[in-house]
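Asker: generate a structure from the sequence data that follows.
(2 chains)
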Amino acid sequence: GAGVSQTPSNKVTEKGKYVELRCDPISGHTALYWYRQSLGQGPEFLIYFQGTGAADDSGLPNDRFFAVRPEGSVSTLKIQRTERGDSAVYLCASSPGQETKQFFGPGTRLTVL
Amino acid sequence: GENVEQHPSTLSVQEGDSAVIKCTYSDSASNYFPWYKQELGKGPQLIIDIRSNVGEKKDQRIAVTLNKTAKHFSLHITETQPEDSAVYFCAASSEGGSEKLVFGKGTKLTVNP
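Answerer: Numbers count the residues shown, from 1 in each chain, chains lettered A, B, ... in the order given. All right, here's what the predicted structure looks like:
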């Protein structure tokens, strides 16, 4: 079966623009996570969905960041008024449910000029 | 919140030697400890994990040990091969809550032929 997929693989945008990053989890996985990885660092948690609802959004850095998962499958991470400091690799992971392993996608490399 | 420290930041070994990477965590409620391997330009790949009711787990050349009292866990790779070269991340999670993973900063392992 297919793993977690993320699109686009690379995104270059200008400061102040709006971007959307998409994650397709493994089919049947109910839990979905977004992480952000800066160069030379480990992934940092952003938000966790169980089904359609955001069960924990404590990692979102500010109100410019928002994520949705309207049908409990595909998720979109939305960033408004991008800043140069938002440049990073945005990783998505999914798992079959609680107390189980997280499987990561290849990430989207976001560059804000 | 949870804090995970990982050492060393870089590790260079000769092919066939063993490699050990160590992590400590701060939250005594953490009960799930996965290890991920990340190759350049790819997402993290789960290689082994351990839960707090187990002290050691092995999978072929890879083993993980956990000391709950001291709040540290280690990854052991035996008979290293050049294809083991990558960045390795440890992580900790408190299952039953948001399941979010808190990662260490990573260890860059180089296996020299």
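Asker: excluding sequence neighbours, find me the nearest residue to the most centrally placed residue in chain A.
Answerer: By C-alpha atoms, centre = their mean, chain A has its centre lying nearest to residue A:34, at 3.5 Å. Leaving out its chain neighbours, the residue that sits closest to residue A:34 by C-beta to C-beta, 6 or more residues apart in numbering or on different chains is residue A:46, at 4.2 Å. The C-beta positions use only the backbone N, C-alpha and C, and glycine is treated the same way.
Asker: hang on, residue A:38 packs against residue A:88?
Answerer: Yes: applying C-beta atoms under 8 Å, one finds residue A:38 in contact with residue A:88, separated by 4.9 Å.
Asker: for the residue nearest to residue A:34, phi and psi?
Answerer: Taking degrees, to the nearest 10, you get phi -110, psi -60 for the backbone angles of residue A:46.
Asker: ditto for the one 5 residues further on
Answerer: Backbone torsions of residue A:51, given as degrees, to the nearest 10, read phi 70, psi -130.
Asker: and it, how close does it get to chain B?
Answerer: Distance, residue A:51 to chain B, by C-beta to the nearest C-beta, to the nearest Å: 13 Å.
Asker: residues in contact with that residue?
Answerer: For residue A:51, the contacting residues are A:30, A:69, A:72, by C-beta atoms under 8 Å, 6 or more residues apart in numbering or on different chains.
Asker: just the ones of those residues in strands?
Answerer: Assignment to strands by DSSP state E places none of the contacts of residue A:51 there.
Asker: can you redo these as a markdown table with pLDDT, distance to chain B and neighbour count?
Answerer: Shown next, in a markdown table, are these (pLDDT from 0 to 100; distance: C-beta to the nearest C-beta, whole Å; neighbours: other C-beta atoms under 10 Å in any protein chain shown):
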| residue | pLDDT | distance to chain B | neighbour count |
| --- | --- | --- | --- |
| A:30 | 92 | 11 | 17 |
| A:69 | 96 | 15 | 20 |
| A:72 | 91 | 16 | 15 |
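Asker: now chain B, which segments are flagged as low pLDDT?
Answerer: Chain B contains residues with pLDDT under 70 at B:95-98.
Asker: how about the residues of it by chain A?
Answerer: Selection of chain B residues close to chain A by C-beta under 8 Å from any C-beta of the partner chain yields B:4, B:6, B:32, B:34, B:36, B:41-46, B:49, B:89, B:91, B:95-106.
Asker: repeat the analysis, applying 10 Å as the threshold.
Answerer: With C-beta under 10 Å from any C-beta of the partner chain as the criterion, chain B comes near chain A at residues B:1, B:4, B:6, B:9, B:31-32, B:34, B:36, B:38, B:41-46, B:49, B:51, B:87, B:89-91, B:93, B:95-106, B:108.
Asker: I am finished for the moment; much appreciated.
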